[in-house]
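In: Show me how the following folds:
(one chain, ligands or ions: 1)
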Amino acid sequence: LERLALGMARDHVWMEGISFPTTILGDLKSLQDEFVARDEDVIVISYPKSGTNWIKEIINLIRTRGDPSWVQSVVSWERTPWLESSFGLELIKKQKDARFYTSHLPVQFFPKTFFTSKAKCVYIVRNPRDILVSGYHFWKAVKVTKNPDSFEGYFEWFLQGNVPFGSWFDHVGGWLQMRGKENFLFISYEELHQDRRASVEKISQFLGTKLSPEQLDSVLKNVTFQAMKDNNMSNLSLLPDTLMDHSKACLMRKGIVGDWENHFTVAQSEAFDKVYQEKMAGIPPASSRGS
Ligand code: A3P
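Out: Residues are numbered from 1 along each chain as shown. So this is what the prediction gives:
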């Protein structure tokens, strides 16, 4: 990873009108045409800052039936590699059975074989206002994306979709077209917060893994905000300095629902609602508390 980051220009790359981190594969078209998804694959897909790492941790622990040794000994980006980075793609190719990987790619960039496979996808959604706040803090520290300087400026970027992986509205709107497919599970950050046990049971049922009550307890114990914050294999603190300035932000920031209320002015809140209504017209919310 460090090797990859060395020599990379700061900032971002544009592809088909979307801003990506500079760690993105140079040739997304080849990924789209050539990557072969398998029926046994499990994939976490999300717009950045939706709670991706939380879902990944939960699924890793479901797969080890609550045994925390795997999540405590292997860094998260090796356990669940990124489809859209060459480092991640190499790791995915080395995974043997029941591959488990992750992606922030908008639907129009996804490998074609995925849509005809039975690969299971968990897509996590979150209130975009909280995503905006989370991203504002996080991207300040990331050295391979554009860095926000003021909240006001970042707020505008977000509404325009001029942020890593593009517009939230387009990402979610695009992936929500998969709703109702048997191999897709949509889950919201807010429902995970509200009822962790029921959410983990829902995910394990979707993956076809039956957990004993003790195993479920162990999963739950290891995916609390504090447990993940304390786990260096999960909290991104081991990401090389060439990728992230750890003095500026951390992944495990607050982990709450509704922090946007501490950041948005009344005018911003109204402006956001207006854009939301325009862009999401006709798209039912993925969860009752998600928007
Ligand atoms: P905040 O910045 O609002 O705290 P992603 O993994 O997609 O980058 O999302 C990161 C967000 O998920 C951060 O939100 C982080 O705190 C939150 N998060 C990660 N693990 C969590 C957990 N176990 N419980 C609650 N929130 C969690």
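In: from memory residue 128 sits against residue 276, does it?
Out: Yes - the pair residue 128 / residue 276 is scored as a contact, 7.2 Å apart, by CB atoms under 8 Å. C-beta coordinates here come from the backbone N, C-alpha and C atoms, glycine included.
In: of the two, who's got more company?
Out: When residue 128 and residue 276 are compared for neighbours, residue 128 comes out ahead with 27 against 16, by other CB atoms under 10 Å.
In: got a list of what the more buried one touches?
Out: 158, 168, 169, 172, 272, 276, 291 (CB atoms under 8 Å, 6 or more residues apart in numbering).
In: Can you tell me which of those residues is closest to residue 116?
Out: In terms of CB to CB, no member of the contacts of residue 128 lies closer to residue 116 than residue 172, at 22.8 Å.
In: The closest one contacts residue 125, doesn't it?
Out: Yes - applying CB under 8 Å, one finds residue 172 in contact with residue 125, separated by 6.1 Å.
In: how about whichever helix or strand residue 170 is part of as CSV, C-alpha atoms only?
Out: Assessed by DSSP states H and E, residue 170 sits inside helix 168-175. Taking Å, rounded to 0.1, in the frame of the first residue of the first chain, the C-alpha atoms of helix 168-175 are listed here in CSV:
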residue,chain,number,x,y,z
TRP,A,168,-24.3,10.8,-3.1
PHE,A,169,-27.7,11.3,-4.8
ASP,A,170,-26.5,9.5,-8.0
HIS,A,171,-24.7,6.7,-6.1
VAL,A,172,-27.6,5.8,-3.9
GLY,A,173,-30.2,6.4,-6.7
GLY,A,174,-28.2,4.1,-8.9
TRP,A,175,-27.7,1.3,-6.5
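In: Now do it: which elements does it pack against?
Out: The helices and strands touching helix 168-175, judged by 3 or more CB pairs under 8 Å, 6 or more residues apart in numbering; DSSP states H and E, are helix 128-139, helix 266-279.
In: so of those helices, which one's packed in deepest?
Out: Highest mean neighbour count among those (mean count of other CB atoms under 10 Å): helix 128-139, with a mean of 23.
In: Which SSE is immediately downstream of it?
Out: Where DSSP H and E defines the elements, the next helix or strand beyond helix 128-139 is helix 151-160.
In: Tell me which residues of that following helix come out buried.
Out: Neighbour counts using 16 or more other CB atoms under 10 Å place 151, 154, 155, 157, 158, 159 of helix 151-160 among the buried residues.
In: again with stretch 138-146
Out: Neighbour-count burial for stretch 138-146, counted by 16+ other CB under 10 Å, picks out 138, 139, 141, 142, 143, 144, 145, 146.
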